[in-house]
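Student: Return atomic coordinates for the entry below.
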Amino acid sequence: MLKLSFTSFPPDLSHLTDDENFRPAVALINKWYAGADSFTFFSSGSTGFPKPIVLSKAFLIASAYRTIELFNIKSTDCLLLALNTSFMGGMMMIVRAMVVQCELIYIPPAELNSTNLNTLPLIKLASLVPAQVRGLLEIAIQDPFSKIEILLLGGSAISQSLERSLMNLKSACHFFHTYGMTETASHVAIRALDDHSLAYEALEGFEFSQDERNCLVIHYVSAPQFTLTTNDVVELLSSKSFQWLGRADWVVNSGGIKYNLEIVEECISDFLLDHHLDNAFTSFKVEDEKWGEKWVLIITGSFQQEQLDHLVSYCKKTLGKYIYPKEFLFTKKIAYLSSGKVDRLSSYLQAIKPLI
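Tutor: Numbers count the residues shown, from 1 in each chain. Okay, the predicted model is just below:
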């Protein structure tokens, strides 16, 4: 755990150059104070190889101010960084601290635990990925977020079971799920979990529309104006709000019936929760001679055939008689990207390795 102060000049960061999670931030901070006008970032690689993205300093500052003003962050506040700064979610915590000139506490992701969190001073704003939050809740004896006023969850979808767990905490912490990407310098919309709403509300400067696939189109209406088409299928509620339905990449067309893996996975989460099972899982889609495409469920541990039959029946009853995993693969663990997102392809390849 390390406290960094951005109240005047940048702190001495030489001792952090060996920290692989913070090393990218050291480079950005040094370039920032040296007067650089633009910076290169890399996408998360969740749907392919990471690609370089160049963003201007002015655009990063504008993004930081949107969050600062939304949550009324002041120079007397303290922020928490416990993310890899190779990715936008972690890097923007650094940018916000520099812009508002406040203190920031850095906890290496591997050292993030309830004990460390409970020894913190009051934290105004923190950002974690859902996998980190899930890990904290699994081993927590008491509320691990009691020292945090506002917690942003980003980087990937959150399950209904995780959302219920957070609400059942009855914590004083306010939880928000964010929607954004590297190209937009962090979030463009947020959803307040406390409100039990599924709607993501636009931040200042952004508006939304849809393309012919029902995927979200982001319009940045401030200068420099731009439009960004995503692969996220949404229900558009207005030009300022939407409900996220899943990635177009993971829509399965099985026997002429289309469904999104990220949506039907909620059924699996509910089944495991109802049966007090803690197996981790993910899904993949593959070509199939009979169905065209099929849903493959990849799950840790092992299941008896009777349990699998019950799971299939549960899916048919909940989702419809043709929507259920057509194949089950068992693995020792689910693979994750360094950004914290589930790596569906690696998980699938890992699960079929003995077969190929």
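Student: residue ranges for the strands of the stretch 51-200 of the chain, please.
Tutor: Taking DSSP state E, counting those that start in this stretch, the strands of the stretch 51-200 of the chain run over residues 52-56, 78-81, 103-106, 123-128, 148-153, 174-181, 186-192, 199-202.
Student: what comes up buried for the helix or strand containing G246?
Tutor: With elements taken from DSSP states H and E, the one containing G246 is strand 241-247. In terms of neighbour count (16 or more other CB atoms under 10 Å), strand 241-247 has its buried residues at S241, F242, W244, L245, G246, R247. From N, CA and C alone the C-beta is placed, and that goes for glycine too.
Student: Distance to F42 and pLDDT for those residues - can I get that in a markdown table?
Tutor: As requested, the buried residues of strand 241-247 are arranged in a markdown table below (distance: CB to CB, whole Å; pLDDT from 0 to 100):
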| residue | distance to F42 | pLDDT |
| --- | --- | --- |
| S241 | 29 | 98 |
| F242 | 26 | 98 |
| W244 | 23 | 94 |
| L245 | 27 | 90 |
| G246 | 24 | 89 |
| R247 | 19 | 90 |
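Student: Identify, from these, the entry nearest to L137.
Tutor: Set against L137, the nearest of those by CB to CB is W244 (22.2 Å).
Student: What is the strand holding G246 packed up against?
Tutor: Contacts of strand 241-247 with other secondary structure elements, assessed using 3 or more CB pairs under 8 Å, 6 or more residues apart in numbering; DSSP states H and E, are made with strand 199-202, strand 226-238, strand 257-260, helix 261-274.
Student: Recalculate using a threshold of 7 Å.
Tutor: Strand 241-247 makes packing contacts with strand 199-202, strand 226-238, helix 261-274 when contacts are defined by 3 or more CB pairs under 7 Å, 6 or more residues apart in numbering; DSSP states H and E.
Student: Which strands border the shortest one, and is each parallel or antiparallel?
Tutor: The sheet places strand 199-202 alongside strand 186-192 (antiparallel), strand 241-247 (antiparallel), with pairing taken from DSSP bridges.
Student: Number of residues surrounding the residue nearest to G255 when sequence neighbours are not counted?
Tutor: Leaving aside its sequence neighbours, G255 sits nearest to W291 (CB to CB, 6 or more residues apart in numbering; 4.9 Å). Close neighbours of W291, defined as other CB atoms under 10 Å, add up to 17.
Student: picking up where we left off before, can you say which of the helices and strands packed on strand 241-247 is nearest to G154?
Tutor: With CB to CB, the closest approach to G154 among these belongs to strand 199-202: 11.5 Å.
Student: Averaged pLDDT, that closest one. What do you get?
Tutor: Averaging the model's pLDDT scores along strand 199-202 yields 97.
Student: before we move on, back to that, and the residue nearest to G255, what does it touch?
Tutor: Residues in contact with W291, defined by CB atoms under 7 Å, 6 or more residues apart in numbering, are S254, G255, K326.
Student: Would you reformat those as TSV and include distance to Q132, secondary structure and neighbour count?
Tutor: Written out in TSV, the entries for the contacts of W291 read as follows (distance: CB to CB, whole Å; DSSP: H, G, I helix; E, B strand; the rest coil; neighbours: other CB atoms under 10 Å):
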residue	distance to Q132	secondary structure	neighbour count
S254	33	strand	19
G255	38	coil	15
K326	32	coil	20
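Student: can you list the residues you listed in JSON lines and add pLDDT and distance to K170?
Tutor: Conversion of the contacts of W291 to JSON lines gives the following (pLDDT from 0 to 100; distance: CB to CB, whole Å):
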{"residue": "S254", "pLDDT": "93", "distance to K170": "40"}
{"residue": "G255", "pLDDT": "90", "distance to K170": "44"}
{"residue": "K326", "pLDDT": "96", "distance to K170": "40"}
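Student: Closest one to S127 out of those residues, please.
Tutor: Here the nearest of the contacts of W291 to S127, counting by CB to CB, is S254; it sits at 36.4 Å.
Student: Distance check, the closest one against Y322.
Tutor: Computed as CB to CB, to the nearest Å, the S254 to Y322 distance reads 7 Å.
Student: right, so the helices and strands packed on strand 241-247: which one is the most enclosed?
Tutor: When these are scored by mean count of other CB atoms under 10 Å, the highest mean neighbour count falls to strand 199-202 (a mean of 20).
Student: can you list contacts of that strand?
Tutor: The set of residues that contact strand 199-202 without belonging to it, under CB under 7 Å, 6+ apart, is Y179, V188, A189, I190, R191, F208, L237, K240, S241, F242, Q243, W244.
Student: Any stretches of this protein with poor pLDDT?
Tutor: Regions of the chain meeting the criterion pLDDT under 70 cover residues 8-11, 44-49, 354-356.
Student: tell me the domain ranges of it?
Tutor: Here the domain assignment for the chain is 2-197, 201-246, 255-355, based on automatic domain parsing.
Student: Mean neighbour count, the ones you listed: which tops it?
Tutor: Taking mean count of other CB under 10 Å as the contact definition, the stretch among the domains of the chain with the greatest mean neighbour count is domain 2-197, which reaches a mean of 18.
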